[in-house]
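build me a model:
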Amino acid sequence: MLLPSSDTRVVELRVHGIMGTRAETLVGAATAVDVAGDGIGRIVRPADRLLRPGPGPVLQAAGRTVPRAVEGYVWGGMTSGGAAKSVWALLFPFTLANVAHWMLPPVPHDNRLAASLGLVSRALLRLAALLLTVLFVTQAAVVSLDLVAAQCLAPGSPCLSGLVPDWMRELRGFRTAAGLIPALVVVLALDQISAVTWRVGAPPTPSPIPGNRPQRMPGANLVADPDTPTLRSLHTIAALAILALLPGGGPFSTPVGTVQWVAGLTLLTFAGLGVLLLDDPTGASPHRAGRWLRAALGTIPRRVLLLASIVLVVGTAVGLHPLPHRLSGTELTIEAIAAALIVVIVLFGLVLIPSALLARKALWADDPHELRPWAGGWMSPVVLAIAALLGGGFGAGVAITIRKLLGSTQLDLPRGYEPVTLLWGVSAVLFLAIGLLIGLITAGHRWRAKRVGKPLPEVDLLHENADDLAHSDAARAWRRGRFQRAHFHHLFLGVGAVLAVGAGISIWMRLRDVGPPQWMQPFSAVGILALGFLAANLVRLVYQAIRKPDTARSLGILTDLACFWPREAHPVVPPCYALKVIPEVAARAAEHLADRNTRVVITGHSHGSLIAAVAVSRLMETLPPIDRERVGLVTAGSPLQWAYPRAFPGVVPHKSLAELHGLLAGRWRALCRGTDPLGGAVTTWRRQVFDSKVIGIGFRPDGTTGPLESAELTPAGALVLGSDHWLPDPAPHAVPGHRWSPGVRRHGDYLADPEWDAAVAIAAGLD
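Sure, this is the predicted structure:
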C-alpha cells in the first residue's frame, strides 16, 4: 500500500444517476463550470462567482488535511432534452426487446450444450425483434394506407370532405402516395435513429497489461457489436418489403406471378434468414456464419439492397391504381406477424429453460437465495413478451385514437384489433384487482410488522439515542425499503403474467373466430379506453417534453435505464451512452493518475454506481500495479447487489463484483441506507445480530467471501460492516460544515452525510 506524502492530493470524480442530475448538484456547489468534455459528456468542477473552477473541500484523513479536487461527469444530456430524444419514448417496445438480450443467463465455460442453446436463444431473440419492427411498420401502414388513404380518402367518402375534394381523391396515385409516404417516412426515420451513435472523446482503451486481466470483470462485454450495421440494414429491408407488399393485398393475397410480390417476399425472407444467421451477437466468434454474412453485407451491398427496397415501394405506389376502398390483406398480414411473433417468443422461452438450468448449476447454485438471478435467470422471455404486447398495444391504440379523431363511424380496422382491445381490457381489470390485492397485503404486512414484528436490529443500533418518533419513522422506512427491494422483480413477473393471461384469452377467442360473449363486452370497452388513453397520453408526454425540458428529463428515467445497453438484439433503439461515458470517465481518471502524487476516487450514485464500477474495472485491467493502488471506488444508493447482478447475470455477475472488490483491496466503500428503496447493501449479505453486534457474510479485502468481523459505529454515526457503510436515516443531528437534511432521506442527498468524506478518504487509501 502506498503511503501518503505531503504532496498527496485526491481527485474525486463523481458520476450521477438517472433523471439528468444538474451539474451544480453533482459537485455540491452553487455554480459549476465545464473543464473538459465535448458538451454532451461534460466534465465539470465547482466555480466561484467569476465562474473560475476551484478545488473542493479538503479531506480530513490520518490526522491531517489532504487537498481534494471535485469533478463530475454529466451525461444526462444524452438521454433527455430536445424533440428528438423525446420521441425516443415511442421506441420503448424496441428498447425492451434489446434489454432482453442483456438479461440472458451467461453461458458456462466449455459447455457445448449451453453454448448451442445460447446461440439458438440469441437467434430467436433477434428474429422476434425483427418481427416486432415489421409489426410496427405494418400497424403504421394500417393507419396511413388503409384507414386514411384507402377508406377515409375514397371518392365519395364523407371523411375529411371539407379538406380533400373528390377531384383530388380521383387523381392517379394520390391516395396511394398519401398512404405510403407517411409510412415510408416512419421507416426511414427508424433507419436514421438506429444509425445515431455518440462520438467517444477519449483515446482507444489500452490493451490489458499482461497478468492484470482477471477471468471476469463487471461490464466486460459492454462493447459495440460489429453486427449492428448489418442488423440495422436487415430491419430496414424487412420494413420496406412489407410496406411494398401491403398495397397489393399483403404477402398472402397477391398472385405468385406478380413481380412486386416475388421481390417483396424475397427481401422479407432474406431479412428473416439474415438475422438468424448473424450468429454470435458479440462478434466473439467471427469464424461462424456471421463472418461471411458481414462480408456479403458490406457498405456497398447494403446500400444497393436498401435502394432496391425503396424503388420497390415507389414502384408499388406508381403502379397501383386505383387504390381499393379497403385493404383486406392488412388484416391477415397483421395476424400472421403477430402469430409468428408469439410462436417465436414461446420457443425462446422454452429454449431458455435448459439454458438457465445449466447456468444455475455451473455458476450460482451455491450462492445465497438473495444473490441469485431473478426468476432463475429466466427474466428475458418475460421482458420480451412485455415488449411485444406493448408494441401491439401501441399500434392498436394509435389506430383507434386516429379513427376517433377522424370522426367517421364507417372506417373499419382489422378484426385482429378486437382481440387486442380484449387483451388490454382484461389486463386492465386484472391490474386493478391485483393492485388492490397487493395494497391489502402490503397494508397487512406493515400493520403486522408494526404490532407484532421483530424490531430491526440495524435500526436499533443506528438510532439508539433517537427519540421514539425518529426511531419509529426509521423502522417503517427500513421495512418499506426492504420490502420494495425484495419484491421489485415480482412486479415485472406480475405484469408479464397478467398480459400473458389476457393474450391467451384473446388468442383463444380469435382462433374460435367468434366475438366476445355478452358478458365480456365491457372488457372490450375498457380495452378501447385503455389503448386510447395509452396512445394519447404517450403522445401528450412527448409533446410536453418537446416544449418543456423538465418533462423530457422525467421521460429520461426510462431512457436512462434502458439506453445504457448497447444495440444487440434490436438496432432501432436510442444510442448507448455507456459506450461513451465509461471510456471517458476511465480516460479522465487515467489523465489525473499521470501525476504520481494524485489519487483518484470514482464515485457513483444510484445507476451511476454501475458506470463507476465498470470504469474502475477497466482501469484495473489497463493500469500497472503501482497505479492501481491509487484508484478507489465509492458507491452510494447502489443497486449493485439486489438489482443489476440479478437482472443481468451475464453482464454484472456477482462473482465479478467480488473480484473487483479484491483487486481494490478495501478501497471500495459502499454507502447505503436501509430506508432506500433503490439502493441497498452492495458487499455484504446474510446480516444478523449476535450479542448486540451486527455480523454477516460479504466480500473481504483479499478477494474472498466469507464471515466478516462485527460491525462498528463510526464517529459520524454510520454502522460499518465489511465495506458497507449503513447510514442513519433520519440523521440524528446536524453536523457543522455539512448541509442539514431533516427527515427520512431514502435515496437522495448522500453527499450531505458526513460519512461521505470518510468513505472517500478510505477509498483513496488515506485511512
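
centroid-wise, who is the farthest residue in the protein?
Outermost residue of the chain with respect to the C-alpha centroid, by CA atoms, centre = their mean, is residue 167; its distance is 50.0 Å.

how near is that residue to residue 133?
Using CB to CB, to the nearest Å, residue 167 is found at 38 Å from residue 133. Any C-beta I mention is one placed from the backbone N, CA and C, and that applies to glycine too.

sorry, back to before: tell me the SS of the residue farthest from the centre of the chain?
Three-state call for residue 167 (DSSP: H, G, I helix; E, B strand; the rest coil): helix.

quick one: it from residue 595, how far?
77 Å.

then residue 102?
Residue 102 is 37 Å from residue 595, by CB to CB.

the more surrounded of those two?
Legend: neighbour count by other CB atoms under 10 Å for residue 102 and residue 595, higher for residue 102 (21 against 13).

what's the closest non-adjacent residue to the more buried one?
Excluding its sequence neighbours, the residue lying closest to residue 102 (CB to CB, 6 or more residues apart in numbering) is residue 565, at 4.8 Å.

so the one you found sits against residue 575, correct?
No: assessed by CB atoms under 8 Å, residue 565 is found out of contact with residue 575, at 11.0 Å.

neighbour count: the two, which is higher?
Between residue 565 and residue 575, residue 565 has the larger neighbour count (other CB under 10 Å), namely 23 against 19.

so who does the more buried one touch?
Neighbouring residues of residue 565 by CB atoms under 8 Å, 6 or more residues apart in numbering: 98-99, 101-102, 222, 576, 578.

only whichever of the residues you listed are buried, select them in ChimeraX.
The ChimeraX selection below is limited to those of the contacts of residue 565 classed as buried (16 or more other CB atoms under 10 Å):
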select :98,99,101,102,222,576,578
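
farthest-separated two in the contacts of residue 565?
Maximum pairwise distance in those, criterion CB to CB, is 14.2 Å, between 101 and 578.

okay, who's weakest in the contacts of residue 565 by pLDDT?
When those are sorted by pLDDT, the bottom entry is residue 222 at 83.

secondary structure class for that residue?
Of the three states, residue 222 takes coil under three-state DSSP.

next up, the contacts around the closest residue to it other than its chain neighbours.
Take residue 222 and drop its neighbours on the chain: the residue closest to it by CB to CB, 6+ apart is residue 578, 5.7 Å away. Contacts for residue 578 (CB under 8 Å, 6+ apart) come out as 219, 222, 564-566, 611, 614.

greatest separation within those residues: which pair is it?
Spatial extent of those (CB to CB) is set by the pair 566 and 611 at 13.7 Å.

surely residue 740 is in a helix?
No: going by three-state DSSP, the assignment for residue 740 is coil, not a helix.

pLDDT at the spatially closest residue to it that is not a sequence neighbour, what is it?
Of all residues not flanking residue 740 in the chain, residue 734 sits nearest, at 4.3 Å (CB to CB, 6+ apart). At residue 734, the model reports a pLDDT of 75.

list the buried residues for stretch 169-180?
169, 174-180.

can you check stretch 687-697 too?
Residues 687, 689, 694-697 are the ones in stretch 687-697 that count as buried (16+ other CB under 10 Å).

quick one: distance of that stretch to the chain centre.
Using CA atoms, centre = their mean, to the nearest Å, the mean C-alpha position of stretch 687-697 is found 36 Å from that of the whole chain.
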